[in-house]
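1. Structure of the sequence below:
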Amino acid sequence: GGGGAAVSGIVLCVDSVAPKYNGVLTPNVDIVQGICAAGPPIEYEPYFDHAATVTITAGLASGATQPPVSTVVTLTHYVIAYTQNPGVVGPNIQTTGNLFETISVPVAGTVTRDLVLMNTQQKQQFLLDIGRAGAFDGIYRGYAVTYTFYGQDQFGTNLTARGFGQVIIGNYQNCAA
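-> Residues are numbered from 1 along each chain as shown. Have a look, this model is predicted:
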């Protein structure tokens, strides 16, 4: 949904949050770096930040007639919150601080960006928070991921937009075939 539409005449929406890893759309967040080949040399599976392809649209609010309406919304930062799905018992994941990224969204337009969803430090912390000395306990856990974007139109009116995705955190095999 969009915040600030009544003042700005603009509706800012996050249309989709599509989790992505290693170039592939997948909700599977791998928190364990496995070994692909015992070697020598030892080959480790790819292990880096999980991303999301986020699509954001800015449009005119219905009945927005007061000229002039801004032609662009400039997003300056966002935060990501993580919430266990109902029935999931697992570590709390701390909401990120402000993640600074300038994204210009044209009014009556759409922008798609690949943004971090969960970085490697968060993955390592999650594994430690399971409480088995950094070992995975075999339980795959579903979390809702909420992005909240903050920005302004050309006249300085604050706008916010929120979008949601789902991830399943666990130990996945990402070795090349």
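2. Tell me where this structure has helices.
-> Here the chain has its helices, by DSSP state H, at 5-8, 120-129.
3. can you put the ones you listed in JSON lines and add mean neighbour count, distance to Gln166 and mean pLDDT?
-> All C-beta atoms are positioned from the backbone trio N, CA, C, and that covers glycine. Listed next are these as JSON lines, based on neighbours: other Cβ atoms under 10 Å; distance: least, Cβ to Cβ, whole Å; pLDDT from 0 to 100:
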{"stretch": "helix 5-8", "mean neighbour count": "17", "distance to Gln166": "27", "mean pLDDT": "60"}
{"stretch": "helix 120-129", "mean neighbour count": "16", "distance to Gln166": "16", "mean pLDDT": "95"}
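4. So which of those helices is nearest Asn174?
-> Closest to Asn174 of the helices of the chain is helix 120-129 (Cβ to Cβ; 12.5 Å).
5. From the chain's centroid, how far away is the closest one?
-> Using Cα atoms, centre = their mean, to the nearest Å, the mean C-alpha position of helix 120-129 is found 16 Å from that of the whole chain.
6. Kindly report the same for stretch 73-82.
-> 9 Å.
7. what residue lies at the spatial centre of this protein?
-> Residue closest to the average C-alpha location in the chain (Cα atoms, centre = their mean): Leu117, at 3.8 Å.
8. For that residue, give its distance to Thr26.
-> Plainly put, Leu117 is 11 Å away from Thr26 if you go by Cβ to Cβ, to the nearest Å.
9. Is Phe48 in contact with Thr120, as I believe?
-> Yes. Phe48 is within contact range of Thr120, at 6.2 Å (criterion: Cβ atoms under 8 Å).
10. what residues are up against the residue nearest to the centre of the chain?
-> Residues in contact with Leu117 (Cβ atoms under 8 Å, 6 or more residues apart in numbering) are 19-20, 29, 49-52, 80, 145, 165, 167.
11. try Val29
-> For Val29, the contacting residues are 19, 21, 50, 117-118, 123, 167-170, by Cβ under 8 Å, 6+ apart.
12. rewinding a little: quick check: closest non-adjacent residue to the residue nearest to the centre of the chain.
-> Distances taken as Cβ to Cβ, 6 or more residues apart in numbering put Ala52 closest to Leu117, at 4.2 Å, once the chain neighbours are dropped.
13. Would you reformat the contacts of Leu117 as CSV and include distance to Thr157?
-> Output for the contacts of Leu117, formatted as CSV (distance: Cβ to Cβ, whole Å):
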residue, distance to Thr157
Pro19, 31
Lys20, 32
Val29, 36
Asp49, 32
His50, 33
Ala51, 30
Ala52, 27
Ile80, 24
Val145, 27
Gly165, 27
Val167, 33
